[in-house]
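**Q** Just to be clear, the model below is a prediction. Sequence and coordinates:
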Amino acid sequence: MIGTMQELSTAVSSAPDSSDRGHVWAVVLAGGQGIRLRELTRHVYGDDRPKQYAVLTGSKSLLRQTLDRVSRLVPRQRIVVVTMAGHSAYVTAELKHEAPAPHVLEQPRDRGTAAAVLLAAHWILARDQAAVMVVLPSDHFVGEDEPFMGHVGDVLGFLDRQGDRIVLLGAEPSEPETDYGWIELGEPLPGSGPSQLYRVRHFREKPSQAMAEELYRAGALWNTFVFASRATVLVEAGSDCLPALHERLVRLSKFLGTEHERWAIRQAYELSPRANFSQAVLERCPRKLAVVRLSAVSWRDLGTPRRVVKTLGELGMQPAWLSTLQPSPVLAAR
């Protein structure tokens, strides 16, 4: 969904000052394999690099764009990039000029987004018991960084007052997309601040076409998978919804920050169940959720070649590789 930029200065001025937010951490999820975009990244680079390490829109990789965006609100020393074993060469190349460089937390294997989020929560909590986490995927397009992070700042202000929530950022849908999560809005929450927050009536991950059309007509929002919460709340949610995974991760506490950390994480992941955070946690605890409606922000999940090409067209961008891209069934995929 590509829109127009409006009221940037208002959005930025409404964001709380991050200078006194010494317990705010950002978690950038960069462990995906980018399988659905592999044909496109292979065309651009000649290798199978995951999409977050590719330059697809603009002059920087999607990961670098995400890091630059979140650095407007969170200092680099409190940014954690969650990666996957096998990505180290890409990560090193991306971060070699960063000073200070963000933390890199490498997962030994793919256990799904739930493990990535909750591992980061345990890792951060071992260092900061008062931590508040902002979680952001690294493979999305955001057209207007300042108002986007302004909304994130508003969410942090809300969590100062009501710290028992997981607060999602929801985007206005442009079509009844079945590949996204959908957020059904409840009543407005009092004391929200500049960005109005709402209770969440239901969270529905990747609904059927009929359900997506119904949600679209009802004014539900797309889940951007950008959210914020206290680390303790996320760990508690993991304990309630994914006890087998929680039991593996909670044992890490005595090893995190020591020379045995990498070994302990490998052991924890060896028998951990695979789980999707949206399905396993967000769908199961709507009462813990709140949502902010993004405004003055262009957002799209660049999960498929079709979305990448569509975004480039709407931006008026013509990278050299685009002219040599041949139509294929993969490009036609949503």
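**A** Nice, thanks for sending it over.
**Q** Helices along this protein, start to end?
**A** Under the criterion DSSP state H, the chain contains helices at 8-14, 38-45, 62-70, 88-95, 113-125, 145-161, 209-218, 231-241, 243-250, 261-270, 277, 305-315, 329-332.
**Q** so the fifth one versus helix 243-250, what angle?
**A** Helix 113-125 runs at 30 degrees relative to helix 243-250, counting by axes from the mean of the first three to the mean of the last three Cα atoms, to 10 degrees.
**Q** what's the answer for the fourth one, then?
**A** With the same axes, to 10 degrees as the basis, helix 88-95 and helix 243-250 are set at 70 degrees to each other.
**Q** rank the helices of the chain by mean pLDDT and give me the bottom one.
**A** For those, mean pLDDT drops lowest on helix 8-14, to a mean of 34.
**Q** still on that earlier bit, quick one: closest of the helices of the chain to residue 198.
**A** Relative to residue 198, the nearest member of the helices of the chain by Cβ to Cβ is helix 145-161, separated by 11.4 Å. Heads up, the C-betas are built off the backbone N, CA and C, glycines and all.
**Q** got the CA coordinates for that closest one in PDB?
**A** Written as PDB, here are the backbone C-alpha positions of helix 145-161 (Å, rounded to 0.1, in the frame of the first residue of the first chain):
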ATOM      1  CA  ASP A 145      10.500   7.000   8.100                       C
ATOM      2  CA  GLU A 146       9.800  10.000  10.300                       C
ATOM      3  CA  PRO A 147       6.100   9.600  10.800                       C
ATOM      4  CA  PHE A 148       6.500   5.800  11.000                       C
ATOM      5  CA  MET A 149       8.900   6.200  14.000                       C
ATOM      6  CA  GLY A 150       6.700   8.900  15.300                       C
ATOM      7  CA  HIS A 151       3.900   6.300  15.700                       C
ATOM      8  CA  VAL A 152       6.400   4.000  17.400                       C
ATOM      9  CA  GLY A 153       7.400   6.800  19.800                       C
ATOM     10  CA  ASP A 154       3.700   7.300  20.600                       C
ATOM     11  CA  VAL A 155       3.400   3.500  21.400                       C
ATOM     12  CA  LEU A 156       6.400   3.800  23.800                       C
ATOM     13  CA  GLY A 157       4.600   6.600  25.600                       C
ATOM     14  CA  PHE A 158       1.500   4.500  25.900                       C
ATOM     15  CA  LEU A 159       3.500   1.600  27.400                       C
ATOM     16  CA  ASP A 160       4.900   4.000  30.000                       C
ATOM     17  CA  ARG A 161       1.400   4.300  31.200                       C
END
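**Q** Which of the helices of the chain sits closest to residue 29?
**A** Among the helices of the chain, if distance is taken as Cβ to Cβ, the winner is helix 113-125, at 5.6 Å.
**Q** List the buried residues for that closest one?
**A** 113-125 (16 or more other Cβ atoms under 10 Å).
**Q** on contacts alone, who are the packing partners of it?
**A** strand 24-29, strand 79-84, strand 103-107, strand 132-137, helix 231-241, helix 243-250, helix 261-270, helix 277 (3 or more Cβ pairs under 8 Å, 6 or more residues apart in numbering; DSSP states H and E).
**Q** Dump those into JSON lines; add distance to residue 321 as well.
**A** Output for the helices and strands packed on helix 113-125, formatted as JSON lines (distance: least, Cβ to Cβ, whole Å):
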{"stretch": "strand 24-29", "distance to residue 321": "25"}
{"stretch": "strand 79-84", "distance to residue 321": "25"}
{"stretch": "strand 103-107", "distance to residue 321": "28"}
{"stretch": "strand 132-137", "distance to residue 321": "23"}
{"stretch": "helix 231-241", "distance to residue 321": "39"}
{"stretch": "helix 243-250", "distance to residue 321": "39"}
{"stretch": "helix 261-270", "distance to residue 321": "36"}
{"stretch": "helix 277", "distance to residue 321": "33"}
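**Q** need those in CSV with mean neighbour count and distance to residue 298, can you?
**A** Converted to CSV, the helices and strands packed on helix 113-125 look like this (neighbours: other Cβ atoms under 10 Å; distance: least, Cβ to Cβ, whole Å):
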stretch, mean neighbour count, distance to residue 298
strand 24-29, 26, 20
strand 79-84, 23, 23
strand 103-107, 19, 29
strand 132-137, 24, 16
helix 231-241, 20, 28
helix 243-250, 17, 35
helix 261-270, 16, 36
helix 277, 25, 24
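**Q** Of the ones you listed, which is nearest residue 186?
**A** Here helix 231-241 is closest among the helices and strands packed on helix 113-125 (Cβ to Cβ), at 18.6 Å.
**Q** which residues touch that closest one?
**A** Contact partners of helix 231-241, identified using Cβ atoms under 8 Å, 6 or more residues apart in numbering, comprise 25, 114, 117-118, 121-122, 124-125, 128-129, 131-133, 163-166, 245-246, 249-250, 280-281, 284-285, 288.
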